[in-house]
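Colleague: Provided below for reference: sequence and predicted model.
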Amino acid sequence: MGNYEKLHLANNLDALDLLAKRDCDVRKLKFQQICNALSKLYKNSQLNVLDQEKTYILLARYLNLYNYLKNNQSDKKFVELRFGSEYEKVLMQYEEIKRSLEERYAAKRAKLVHVEPPQDETMKEPPVEVTSQRVFTEEFVSCQQLFSALHKNHNMLLVDARPEVDFKESRIDNSNCINIPDHTITAGLSANALGKKLPESTQKFWDLRETYDVIVLYDWNTSSDNFASTKLHNLRSALVDWDLNRNYNELPVILNGGYLELLQMYPTICINPHVYLFQKNNELDELLELDNIKYPTESDNKTQVMGVPEDTENLPPKETTPEIEVTKESLIHENKEIALSQHNVILQLQQQENEKKILNELCNTENNINNIANMKKRVADIDVEIIQFQSVLEDLLKKRDDVKKRFKYHFQEELEDDIKPDEIPESEKMEDDSDKLKDIIVEERNKELQRARALKPKKVDSNATIFNNETREPDRPTINRATKPTFHSYILRPKVGALENMTCGLVGLRNIRNTCYMSTVIQCLRNIPSITHIFCKGAYAKYNIRSPAAIIHETAGLIRQLWSKSSKSLDPYEFYNKVCQLEATYRLGNHEDCMEFFLFLLNHLSEDCCYDINLPSVMTPKQKAWYNQFEGKNSFFIDLFYHQIRIKQNCNYCDQKTTYKFEIESTFMLSVPDHDFSLETLLDDYMADYIIPEYCCAKCKKPVNNQKEICYEPKVMVIVLKRYRQVHINGNVALQKVESRAHFQKKNFRLRNCLYQLNAIAMHSGDMNYGHYTAAALTPKGWYEFNDETVRPININDETLKVKACAFFYSMCDD
């Protein structure tokens, strides 16, 4: 035992195990890096076997790394073949050194108990403090726990993430309290990059952040309930996930309830604690909307007498502007102008309805599908115009009722005695004229309807003779028109023209609440030529059928701004708020999937532009499948993004009849292998013949061969890479990201007989729970990367781009 070096690292095996596990996070290492680390650990463990403590740590790290590789690698046999014999040597040596160290540590403890320590202080070995007591044991700490830790004088860094103005007004009275304003915190930002945004007085604390016992993060009122949707989530992620080469004694914690709760419970440890009342009052003001309350004036201060209440039904609305003298002539003239406008609107409404009737009649006799689709599109446009006229007509009726109320209020008493026959009847005359006009319109409608019915072929009763000229009218069901919805909420939108001054489009989108996935989809879509054309030329307005539209107007407004603004970045608040109205989960600020949001947006855009198509009398199987897939509807976006695949199922062992089925999708979802690959190879594998063992021939009970064939190529082809797969780790199922490189063509990518050009790439870095999305797009100035508000040129052949690529957007080349 005397040949070994002195024990100098710890006092027991538990302390050595802690040292072996320190700085050993291997989750981000690739397979080859782990293999190299194993070889290096084994080599270093044999350099100085007399230093048993150091050798024990190296061997323990080798065993831990080997077990991690074996549990997370799909090919376990390969791992055993490569490291099996070496692993057995390491395990035997580890057990032998472990027994030896246990004996040496026991002897050392016995010696310390029975033998007096030497008087020479220079020979005394200082004790090694390996384990230390944690300040906090949970991620969220209460105000009581923080108060207790402050009184125990723990070395803590207090990070206040409130606005700078609020921090200067009131803060915790502690020298280690710093402010990181909330506007500097963005998703995906590393702790090092965040530190560069801070002032020098704060940077000196931030650069020493790993020397503190613990870092406490807080803002106004973040708690465990809303933490995921706050800036503190991004700040903690920057410290935990994006702070390389930093080893914290304890992971950062969150003050549950925030600074507001701390002010309420412990105002003595805060500077200017009175700010608590002002903050609470601001929250009450927002809740009650006190600014919208109208208070009575002195003129309204009338004493109310018990008895019959005042008749307020005929009173006009009270005006806040100076009173204007009201005369009979002015009210009669105003009523006349409203009636004339009403007359013009009714005439235009009648013209639109007549045109709609004629188009509907023609649709019933037309056989050409394209002509029917064009007629239906025009009918949809007419419906929108009819709704607009109806809305205007309702407004005119309301104005006319208001004029009548004002006239009755001001002149009712005078008219009973002094009214002249040629004054008030003028208004009544206009009403009589409008009533006559309505009667004329109804009569014209009936005439048009009779003429249209006369054009239709008459049905002859099968029991009637050919000499009987009378035909039976079929029994028509009665329809309750009272259930028809009204259009009070319709908003008139002006016609949208083309953008006059288009820029190069090098504009980023600011990250609102972890919305990098949203910005990436918008940047990819708006660089597709057909999408650019429909929105920037204003053509999208004529495709919009649904009223009110879900999101097409907000999408168009954002894309038009990106192509017309000269600023470096934009705030997509209107688009973001509309998305959150349609799907509330996007407001939580979670790490969402980029392509899931793309499908969500495409679905709503398609429904905004959907129009009905008539069922043709004769359809091929692929036409019938397409018709059934979209329930007899079509839209511009369906024509643009969707493709159709026919799957031929035939048995090679008997004469069973061949069957067909069809797949209609908006994306190609392709699985990614562990090694480098090309998109062409993946697509070929996707379209290759395959056999499903569970699906057998009904006649001979043998597996059926499935052959795929493209029936309809998309104008915009979206290829999505499935980079996650299920793995079993310690008996649990987890998702593991595949980071192999994707090789792709920028031009002349072939799908069946069509060629495509690459327009944009969606990229992702990180894992499924944490990460960041960016976009690479082909702009008029070349390939650029759109990283939230940052826009910079990018090398499309870069190797890191091939690893991060998760979706490709191709557009069909013109013939």
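Modeller: Thanks, I have it.

Colleague: Can you identify the strand in this protein that spans the most residues?
Modeller: strand 754-766 (DSSP state E).

Colleague: what number of residues lie near the closest residue to residue 362 other than its chain neighbours?
Modeller: Distances taken as C-beta to C-beta, 6 or more residues apart in numbering place residue 375 nearest to residue 362, at 6.2 Å, with adjacent residues excluded. Using the backbone N, CA and C atoms, a C-beta is placed for each residue, glycine as well. For residue 375, the number of neighbouring residues by other C-beta atoms under 10 Å comes to 18.

Colleague: I figured residue 375 was touching residue 358, is that so?
Modeller: No: using C-beta atoms under 8 Å, residue 375 makes no contact with residue 358, being 9.8 Å away.

Colleague: Show me where the stretch 451-600 of the chain has its helices.
Modeller: 516-526, 529-536, 540-543, 552-564, 573-582, 594-608 (DSSP state H, counting those that start in this stretch).

Colleague: show me the contacts for the residue nearest to residue 176 when sequence neighbours are not counted.
Modeller: Once flanking residues are discounted, residue 176 sits nearest to residue 157: 5.4 Å by C-beta to C-beta, 6+ apart. Residue 157 makes contacts with 176, 178, 205, 209, 212, 214-216, as judged by C-beta atoms under 8 Å, 6 or more residues apart in numbering.

Colleague: Now with 7 Å, please.
Modeller: Residue 157 is in contact with 176, 205, 209, 212, 215, counting by C-beta atoms under 7 Å, 6 or more residues apart in numbering.

Colleague: cool, residue 170 as well?
Modeller: Contacts of residue 170 by C-beta under 7 Å, 6+ apart are 270-273, 275.

Colleague: Any of those buried? List them.
Modeller: Among the contacts of residue 170, those that count as buried by neighbour count (16 or more other C-beta atoms under 10 Å) are 270, 273, 275.

Colleague: thinking residue 760 is in contact with residue 775, fair?
Modeller: Yes: using C-beta atoms under 7 Å as the test, residue 760 is close enough to residue 775 to be in contact (6.1 Å).

Colleague: More neighbours: which of these two?
Modeller: residue 775 (30 against 25).

Colleague: Which of the helices or strands spans the more buried one?
Modeller: Following DSSP states H and E, one finds residue 775 within strand 771-779.

Colleague: Show me what that strand pairs with in its sheet, parallel or antiparallel.
Modeller: Using DSSP bridges, the strands paired with strand 771-779 are strand 754-766 (antiparallel), strand 782-787 (antiparallel).

Colleague: and the residue nearest to residue 176, backbone torsions?
Modeller: phi -100, psi 120 (degrees, to the nearest 10).

Colleague: Can you report how many residues lie near residue 265?
Modeller: So residue 265, with other C-beta under 10 Å, has 14 neighbours.

Colleague: What number of neighbouring residues does the residue lying closest to it once chain neighbours are set aside come out with?
Modeller: Once flanking residues are discounted, residue 265 sits nearest to residue 143: 4.9 Å by C-beta to C-beta, 6+ apart. Each residue near residue 143 was counted by other C-beta under 10 Å, and the total is 20.

Colleague: check contacts around residue 143.
Modeller: Counting by C-beta under 7 Å, 6+ apart, residue 143 touches 255, 257, 261-262, 265-266.

Colleague: how much space between residue 533 and residue 791?
Modeller: According to C-beta to C-beta, to the nearest Å, residue 533 stands 22 Å off from residue 791.

Colleague: typo on my end, it should be residue 733
Modeller: Residue 733 is 40 Å from residue 791, by C-beta to C-beta.

Colleague: of these two, who's got more company?
Modeller: residue 791 (21 against 8).

Colleague: The strand or helix carrying that one: which residues count as buried?
Modeller: According to DSSP H and E, residue 791 maps onto strand 790-793. Residues of strand 790-793 classed as buried by neighbour count (16+ other C-beta under 10 Å): residue 791.

Colleague: go on, stretch 207-220?
Modeller: For stretch 207-220, by 16+ other C-beta under 10 Å, it's 209, 212-220.

Colleague: returning to that earlier point: adjacent strands (with direction) for the strand holding residue 791?
Modeller: strand 782-787 (antiparallel).

Colleague: hmm, back to that, could you point out which element follows the strand holding residue 791?
Modeller: helix 799-804.

Colleague: Ramachandran angles for the residue lying closest to residue 353 once chain neighbours are set aside?
Modeller: Nearest non-adjacent residue to residue 353, counting by C-beta to C-beta, 6+ apart: residue 386, 6.7 Å away. Dihedral pair for residue 386: phi -60, psi -40, per degrees, to the nearest 10.

Colleague: residues in contact with residue 386?
Modeller: 349, 352-353.

Colleague: From the residues you listed, which land in helices?
Modeller: Among the contacts of residue 386, DSSP state H puts 349, 352-353 in helices.

Colleague: any idea which of the residues you listed is closest to residue 586?
Modeller: residue 352 (38.6 Å; C-beta to C-beta).

Colleague: And the pLDDT at that closest one?
Modeller: The model reports residue 352 with a pLDDT of 80.

Colleague: can you check residue 685 too?
Modeller: 91.

Colleague: is it true that it lies in a helix?
Modeller: Yes: according to DSSP: H, G, I helix; E, B strand; the rest coil, residue 685 belongs to a helix.

Colleague: That one - nearest residue in space that isn't next to it in sequence?
Modeller: residue 670 (7.9 Å).

Colleague: that older thread, please identify the buried residues of the longest strand of the chain?
Modeller: Buried, per 16+ other C-beta under 10 Å, within strand 754-766: 754, 756-764, 766.

Colleague: And those, which two are furthest apart?
Modeller: Among the buried residues of strand 754-766, 754 and 766 lie farthest apart (C-beta to C-beta), at 34.6 Å.
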